[in-house]
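1. Sequence plus predicted model, see below.
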Amino acid sequence: MTFDSPLSLYSIPAVWLTAFAPVVIRTVAITRVKGWNNVAPRNNTARVAGDKAVPPEVAARIQRMEAAHTNGNENFPLWAAAVLAANFAGLDNRRVNTLSITYFLGRCLYNVIYITQTTPAMANMRSVVFFGILPIPIYLLVAAAAAKVSTTIAV
């Protein structure tokens, strides 16, 4: 396999993992500080936030883990569609692979900043990373559409 192969397809499960990882870390954290309630698992973050015995900075970090997970889930469909469209349209594999690696690393950095942020400056950095990588799937979708339209017109 070379970098000229459609390796970008592997970024789909990799980016999904960047959405899933924060919820795994959150679950471990909740289990340690409060205990996991599997009868009502979606209420665990709120239980921690409402428990005065849990340090506020721990509860806030758990809430940020949940938020990072939610953000990853919200952005994943756009990413998957963009990579599939780029490959379907036959875009240059090197370019799509490079953009896929960039997006994946950006999502990893986004999660780290989101989970560890405690200041407005760090929150701003999180937003810079988010908006810095957001154009990547948009570009892939537009480039894929343009490639298919030009191929269709040329035939």
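-> Received the coordinates, thanks.

2. And the least confident helix or strand in the chain by mean pLDDT, what's buried?
-> Within the chain, no helix or strand scores below helix 135-154, which has a mean of 87 by mean pLDDT, DSSP states H and E. Buried residues in helix 135-154, counted by 16 or more other C-beta atoms under 10 Å: 136, 137, 140, 141, 143, 144, 147. No exception for glycine: its C-beta is placed from N, CA and C like everyone else's.

3. need the contact list for residue 139.
-> residue 99 (C-beta atoms under 8 Å, 6 or more residues apart in numbering).

4. which helix is the longest one in this protein?
-> Longest helix of the chain, by residue count under DSSP state H: helix 56-88.

5. Give me the helices and strands touching that helix, please.
-> helix 11-33, helix 44-49, helix 93-116, helix 135-154 (3 or more C-beta pairs under 8 Å, 6 or more residues apart in numbering; DSSP states H and E).

6. Now the most centrally placed residue in the chain. Nearest residue, chain neighbours left out?
-> With distances taken as C-alpha atoms, centre = their mean, the residue of the chain nearest its centroid is residue 72 (3.5 Å). Among residues not flanking residue 72 along the chain, residue 19 sits closest, at 2.6 Å (C-beta to C-beta, 6 or more residues apart in numbering).

7. just checking, the one you found touches residue 76?
-> Yes: taking contacts as C-beta atoms under 8 Å, residue 19 lies within contact range of residue 76: 5.3 Å.

8. out of these two, which sits in the busier spot?
-> Legend: neighbour count by other C-beta atoms under 10 Å for residue 19 and residue 76, higher for residue 19 (20 against 17).

9. Now do that one against residue 90, distance only.
-> 28 Å (C-beta to C-beta, to the nearest Å).

10. related to what we said a few turns ago, got the angle between the least confident helix or strand of the chain and helix 11-33?
-> 160 degrees (axes from the mean of the first three to the mean of the last three C-alpha atoms, to 10 degrees).
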